[in-house]
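# below are the sequence and a predicted model; questions follow.
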Amino acid sequence: MEGRSVPGAPVSHFFSVLLLLTNLMLTLCFGVAAWRVSDEGGAGNAIGTAYGWMQISAN
């Protein structure tokens, strides 16, 4: 069995690496976004006035 190549192996490896890189990029982007939002005032202001949204008052 050694030395024999599987016909779908290179394509499968390519898509596995592509999926891995996509996941890493999305994790990094969402991590940076969460870090920036947390600098604006914590989880209570996750969608805050920095994005042009008005906060609704409780009364």
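Cool, got the structure.
# which parts of this protein are helices?
Under the criterion DSSP state H, the chain contains helices at 9-39.
# flag every buried residue along stretch 27-42.
Within stretch 27-42, the residues that qualify as buried by neighbour count (16 or more other Cβ atoms under 10 Å) are residue 37. To be clear about C-beta, it is placed using only N, CA and C from the backbone, and glycine gets the same treatment.
# ok, now which ones touch residue 15?
Residue 15 makes contact with no residue under the criterion Cβ atoms under 8 Å, 6 or more residues apart in numbering.
# for residue 35, see how far away it is.
From residue 15 across to residue 35, the span is 30 Å (Cβ to Cβ, to the nearest Å).
# could you do residue 22 as well?
For residue 22, the distance to residue 35 - Cβ to Cβ - is 20 Å.
# again, but for residue 28
The value you get for residue 28 to residue 35, if Cβ to Cβ is used, is 10 Å.
# same question, residue 19
Look at residue 19 and residue 35: by Cβ to Cβ, they are 24 Å apart.
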